[in-house]
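> Fold the following, please.
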Amino acid sequence: MQLEILTPEHKVYSGPVYGIQLPGVNGSFEILDNHAAMIAALGKGKMKVLVDKHNTEVYEIAGGFVEVLNNKASVLIEGATALA
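Prediction:
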């Protein structure tokens with residue numbers, strides 16, 4: 001799946017991923033390869049980018065939206081802080 005994470009200031013991430021875990025407004029959820037088309041609102045919390053089955057990047061986000069269409073996920077967020 002192709003992933004793009006964008007803030008108003010810059011592109012946080014762009015590239016192929018295994019999946020992504022997101023903090024939805026009604027609880028966390030996960031999007032994996034070949035997920036059905038959807039749009040969802042995001043709340044404040046941790047976003048995990050599953051680059052592959054062994055590598056993960058974690059960000060603290062302040063809310064936004066995610067759109068999944070044709071095996072591409074676009075995450076539009078207010079801000080992101082990379083966590084170690």
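> Can you list the low-confidence ranges for the chain?
84 (pLDDT under 70).
> what ranges do the strands span in the chain?
For the chain, strands defined by DSSP state E occupy the ranges 2-6, 11-16, 19-24, 27-32, 38-50, 56-69, 72-77, 80-83.
> Can you redo these as a markdown table, where the extra columns are mean neighbour count?
(Glycine included, C-beta is placed from N, CA and C.) What follows is the strands of the chain, written out as a markdown table (neighbours: other C-beta atoms under 10 Å):
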| stretch | mean neighbour count |
| --- | --- |
| strand 2-6 | 18 |
| strand 11-16 | 13 |
| strand 19-24 | 19 |
| strand 27-32 | 13 |
| strand 38-50 | 16 |
| strand 56-69 | 16 |
| strand 72-77 | 18 |
| strand 80-83 | 13 |
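> what sits opposite the residue lying closest to residue 32 once chain neighbours are set aside in the beta ladder?
What sits nearest to residue 32 in space, not counting adjacent residues and going by C-beta to C-beta, 6 or more residues apart in numbering, is residue 19, at 4.1 Å. Partner residues in beta bridges with residue 19, using DSSP bridges, are residue 32, residue 50.
> In this model residue 33 seems to touch residue 19, though I could be wrong.
Yes. Between residue 19 and residue 33 there is a contact under C-beta atoms under 8 Å: 6.7 Å.
> okay, and the common contacts of the two?
Contact with both residue 19 and residue 33 is made by residues residue 1, according to C-beta atoms under 8 Å, 6 or more residues apart in numbering.
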